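K.L.:
Pasting a predicted model and its sequence here:
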There are 2 protein chains.
Amino acid sequence: MTPFSRRIGVLGAGQLGRMLAMAGYPLGHKFGFYGLNHDEPAALLGQMHTPDAQSADDTASLDDLVAFADVITFESENTSVELVKQISQTTQVYPSATSLYYAQDRGREKALFNQLAIPCAPYALVNSLAELDTAVTTIGLPAVLKTTTEGYDGKGQFVIKQPEQIHQAWLSIGERPAILEGFVHFKRELSIIAVRNAHNEHVYYPLVENQHRDGILRLTLAPAQAIAPQIQAQAEGYMQALLDKMDHVGVLTLELFETEAGLVANEMAPRVHNSGHWTMEGAQTSQFENHIRAISGLPLGATAPRQAFAAMINIIGEHGDIASALKLPNVHVHLYDKAERPGRKLGHINVLADSQDALNHTLEQLQGWLN
Amino acid sequence: MTPFSRRIGVLGAGQLGRMLAMAGYPLGHKFGFYGLNHDEPAALLGQMHTPDAQSADDTASLDDLVAFADVITFESENTSVELVKQISQTTQVYPSATSLYYAQDRGREKALFNQLAIPCAPYALVNSLAELDTAVTTIGLPAVLKTTTEGYDGKGQFVIKQPEQIHQAWLSIGERPAILEGFVHFKRELSIIAVRNAHNEHVYYPLVENQHRDGILRLTLAPAQAIAPQIQAQAEGYMQALLDKMDHVGVLTLELFETEAGLVANEMAPRVHNSGHWTMEGAQTSQFENHIRAISGLPLGATAPRQAFAAMINIIGEHGDIASALKLPNVHVHLYDKAERPGRKLGHINVLADSQDALNHTLEQLQGWLN
């Protein structure tokens, strides 16, 4: 209804699509989704297109989404590059196939980091047990074996500490094309979220600290404390190089290790990211709104924190006593309308505070979700 | 998907329903709407039920919404009391028919204010030109003639300044049952929003200042400045009396005049209100989230402002240069996906600031929407 209103199609209908839509409607956009079924988190938040379960090669519902959309985006870096190239022939897709191409394959990603002089762990590509043996000799132990594609939340990874684990590691990841990375001894895990639009505007959120357990993000502290300005500037420099090299439009996330020797890149995601969920109430503009602004050609929004201290706690497996969390001031609950299942991300809780003490006090009251 | 997840049905599918849904999904609820057509602002944000345009007495689509819903709420005080009573026989409706009964008729509303010792203008009910003549003699001029029902945004009102305008006034409002109110000489127009849940929790937002033009709200300043604590307490006392008397569940809004003699009640609305839109980013919990919390049996959220100064500017008639507003930090745009039309509310812009100067500076940059 305005000159910039867009019909935005999302490949995927999970919680990221859900939160993108809720950030995009206030800008006057409309949303459609391509998802597996009508129980997905975003299903009620726009036109929902699902494949015919009876027909393995059904493309009509995807065609319907493309016909609906002025611009297409996606929830996952595991989206098919070929599919995105094909859609791009008729409809703009942001981020483009180029970003997907680099971000969905750890080998290409690492090569790009090296090309752009972004520090990362030493690595070797391995396609067989013999190659893995050789790689262990070159890189040394401990090292992390990861499938080159489709790993997430710690899946498809194996930390090799002793040579006798090599065979087990190879079996564990499914004897698939993989990458062996030298183990990085880090002080903290950090991430940074950046946004670029097609007019070549760039904005950066502050570095945040991420705490994982069993490979799953549990807690984000935003901003990360005790980050020297030159470290933030360095991270932004890496992001600018990546954004420009890939001609990226939308949100890009980079996970980093903070080490004695400085920042070391871990992996990137060409999308809104769990470590950016704190921005929903914590930043002047959320990562979701800025992604939508970027892909719809709008000016990017300010990324400054709204309060000095914020945290994001993932709700994993079980919802817990949500009503007790709702009683706390400065706490915001975001549920994804998903059924409980061990290890599943069901929602998150954002906490805002004006002091470290106040933040810690509220985090203590929310310990049930951190244990 | 949680014990408190509800299917919420909304009678109406305008911008209020749209914003209620966007506040309610993060709590794990699902939404359905009963609206006129699939172009309404909330149409894409849940199950949409519309009456068959070919059949004047179609009730099937409304029955479908009721069948979908665990709890029903409404967007407008002009919702039929009889309809709500009928739905209530099978499905909980919040607020109840009692709140609607009082709030949709200016005569009943004024009688309730008097019964609860809430100061309001002198008034007389008039059903004919002769009764209007008598009422003018009793109440004096200037006075305001208003239809007892269905007036909004200044429609159905006439300010009578001279006796020779009496006939014109009567024709102007359509010769319908009306109320003549003594004109209140006010310093400012204020409003207060309160929330009550079925567990008898009450919360109150701070008084805000509202500036109208041609009967339409243009600007809200939140909180209203220079409000003595006892004035806020007095307003909260009036609200508590109204909430308890009506056994109200949900948001209730009271518009007030600030006069030399203190607060004078103007009218109430049993719903989220335009003068509460600033709460979306401006308060710890928005009016929309608190309404949803109230009607779904959840604890109510904190109502404190997140920054010391906030404002809400309505976008009326034309969208204007939205991209320029999006460039400003501390500004949030909320569009309703409505076509431009003179006098129509198309969206609003929320502004946040830490000082009066900063607020004024941003308001100057947004003058285009205030002229």
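P.N.:
All right, it came through fine. All of these numbers come straight from a predicted model, not from anything done at the bench. Residues are numbered from 1 along each chain as shown, chains lettered A, B, ... in the order given.
K.L.:
Near A:Arg271, how many other residues are there?
P.N.:
25 (other CB atoms under 10 Å in any protein chain shown). (Each C-beta comes from the backbone N, C-alpha and C, glycine too.)
K.L.:
oh sorry, the question was meant for A:Leu36
P.N.:
A:Leu36 sits with 13 neighbouring residues when counted by other CB under 10 Å.
K.L.:
Which element, helix or strand, includes it?
P.N.:
Assigned by DSSP states H and E, A:Leu36 belongs to no helix or strand.
K.L.:
Give me the phi and psi angles of A:Arg344.
P.N.:
The phi and psi torsions at A:Arg344 (degrees, to the nearest 10) take the values phi -90, psi 140.
K.L.:
can I assume it is in contact with A:Ile315?
P.N.:
No. Using CB atoms under 8 Å, A:Arg344 makes no contact with A:Ile315, being 9.4 Å away.
K.L.:
low-scoring stretches of the stretch 101-250 of chain A, by residue?
P.N.:
Low-confidence segments of the stretch 101-250 of chain A, defined by pLDDT under 70, are located at A:151-154.
K.L.:
Go again with 90.
P.N.:
A:149-156, A:214-215 (pLDDT under 90).
K.L.:
list the buried ones in the longest helix along chain A?
P.N.:
Under DSSP state H, the helix in chain A containing the largest number of residues is helix A:229-246. Residues A:231-232, A:234-236, A:238-239, A:241-243, A:246 are the ones in helix A:229-246 that count as buried (16 or more other CB atoms under 10 Å in any protein chain shown).
K.L.:
show me what contacts the closest residue in space to A:Gly28 that isn't next to it in sequence?
P.N.:
Of all residues not flanking A:Gly28 in the chain, B:Leu335 sits nearest, at 3.8 Å (CB to CB, 6 or more residues apart in numbering or on different chains). By CB atoms under 8 Å, 6 or more residues apart in numbering or on different chains, the residues touching B:Leu335 are A:1-2, A:5, A:26-28, B:315, B:319, B:322, B:346-347.
K.L.:
pLDDT on stretch A:274-293, on average?
P.N.:
Averaged across stretch A:274-293, the pLDDT comes to 98.
K.L.:
what's the distance between A:Gln240 and A:Val203?
P.N.:
From A:Gln240 across to A:Val203, the span is 11 Å (CB to CB, to the nearest Å).
K.L.:
What of A:Tyr102?
P.N.:
A:Tyr102 sits at a distance of 21 Å from A:Val203 (criterion: CB to CB).
K.L.:
Surely A:Thr134 is in a helix?
P.N.:
Yes. Under DSSP: H, G, I helix; E, B strand; the rest coil, A:Thr134 falls within a helix.
K.L.:
Could you check how many residues crowd around it?
P.N.:
A:Thr134: 14 surrounding residues under other CB under 10 Å.
K.L.:
For the stretch 101-250 of chain A, give the residue positioned nearest to chain B.
P.N.:
Per CB to the nearest CB, A:Glu201 is where the stretch 101-250 of chain A lies closest to chain B, at 10.0 Å.
K.L.:
Contacts only, for that residue.
P.N.:
Going by CB under 8 Å, 6+ apart, A:Glu201 touches A:299-300.
K.L.:
can you pull out the strands in the stretch 51-200 of chain A?
P.N.:
A:71-74, A:92-93, A:123-126, A:143-147, A:157-160, A:178-182, A:188-196 (DSSP state E, counting those that start in this stretch).
K.L.:
could you dump those strands to JSON lines with mean neighbour count and distance to chain B?
P.N.:
As requested, these are exported to JSON lines (neighbours: other CB atoms under 10 Å in any protein chain shown; distance: least, CB to the nearest CB, whole Å):
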{"stretch": "strand A:71-74", "mean neighbour count": "25", "distance to chain B": "16"}
{"stretch": "strand A:92-93", "mean neighbour count": "22", "distance to chain B": "18"}
{"stretch": "strand A:123-126", "mean neighbour count": "20", "distance to chain B": "39"}
{"stretch": "strand A:143-147", "mean neighbour count": "21", "distance to chain B": "31"}
{"stretch": "strand A:157-160", "mean neighbour count": "18", "distance to chain B": "29"}
{"stretch": "strand A:178-182", "mean neighbour count": "24", "distance to chain B": "36"}
{"stretch": "strand A:188-196", "mean neighbour count": "25", "distance to chain B": "13"}
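K.L.:
could you dump the ones you listed to CSV with distance to A:Gly250?
P.N.:
Formatted as CSV, the strands of the stretch 51-200 of chain A follow (distance: least, CB to CB, whole Å):
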stretch, distance to A:Gly250
strand A:71-74, 6
strand A:92-93, 10
strand A:123-126, 26
strand A:143-147, 25
strand A:157-160, 26
strand A:178-182, 25
strand A:188-196, 7
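K.L.:
Now the residue most central in space within chain A. Its backbone dihedrals?
P.N.:
A centroid search over chain A (CA atoms, centre = their mean) returns A:His273, at 2.9 Å, as the residue closest to the centre. Backbone torsions of A:His273, given as degrees, to the nearest 10, read phi -140, psi 150.
K.L.:
any idea how far it is from chain B?
P.N.:
According to CB to the nearest CB, to the nearest Å, A:His273 stands 18 Å off from chain B.
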